[in-house]
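Asks: compute the structure for the input listed below.
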Amino acid sequence: MKKTKSSKNRKTFSKETRAILWVVCFIALFLIFVWSVKYIYPKQTIPHYTYNYFDFYYIDGMWYTQIQLGKQPWNIPLRYGPKDVEYIPVIGDPNVFLTAKGVYITFDPDSDDLNYTALATSELSLNLAQALNITPIGACTKNVTLACHNRTIVNCEIDKKHAIIYLTQNSSFPIVEQKDNCLILKGKGFDLVKAVDRLLLCWYKIMP
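Replies: Residues are numbered from 1 along each chain as shown. Model prediction:
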């Protein structure tokens, strides 16, 4: 009887041991799997950073962030994020234009590389109309091309009544400058687009 009881106890202990070993092996294999997924096959992450409490995400060549205008949240697309345009100076007070219902966006049709001007105008107009509730009005500084034939001719030196945004590539350095009723955005090539985004980030109170 003693021998039978001892054998029975050993048999029961052996089953418990095997069960524990199976559990330990399962946990070990699971941890190895988790480690391999995390470090050997890492999940692709979206480039992002936080600037002045705003989160910026880089998706398909654009920087996106969310702002609050009144009670309405807006997802804002920008070609350049705040870290890309920190060095661009802002002269004067561009915020005086935020009270305007409509703004003339004008340029010199005789200038070179107008494709950059068109790109900057498009980004500026999109944000004005959709997020800032300001109507962008296409204009030219002079009527010398077919593209300006049906546009209003607006010049900062002559027109002192309307709100005007003048985009010019006649500068080797991007600048945002407010002079009375005229807001001048300067920059050569993509620097002109950077000047536009620097202005928008100021208007959205993300940058000073």
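Asks: how much space between the most centrally placed residue in the chain and R151?
Replies: By CA atoms, centre = their mean, the mean C-alpha position of the chain lies nearest to W63, the distance being 2.6 Å. Distance, W63 to R151, by CB to CB, to the nearest Å: 31 Å. C-beta coordinates here come from the backbone N, C-alpha and C atoms, glycine included.
Asks: with A195 instead?
Replies: Where R151 is concerned, A195 sits at a distance of 22 Å (CB to CB).
Asks: and the helices in this protein?
Replies: 2-35, 114-130, 190-203 (DSSP state H).
Asks: what about this structure, any weak spots by pLDDT?
Replies: 1-44 (pLDDT under 70).
Asks: quick revisit: any idea how far the closest residue to the residue nearest to the centre of the chain other than its chain neighbours is from P47?
Replies: In space, and not counting its chain neighbours, W63 is closest to G81: 4.0 Å by CB to CB, 6 or more residues apart in numbering. Distance, G81 to P47, using CB to CB: 10 Å.
Asks: please identify which of those two sits among more neighbours.
Replies: Taking neighbours as other CB atoms under 10 Å, G81 and P47 compare with G81 leading, 23 against 10.
Asks: re earlier: who has more neighbours out of A195 and R151?
Replies: Neighbours per residue, other CB under 10 Å: of A195 and R151, the larger number sits with A195, 29 against 17.
Asks: pretty sure the more buried one is touching A120, no?
Replies: Yes: taking CB atoms under 8 Å as the definition, A195 is a contact partner of A120 at 7.4 Å.
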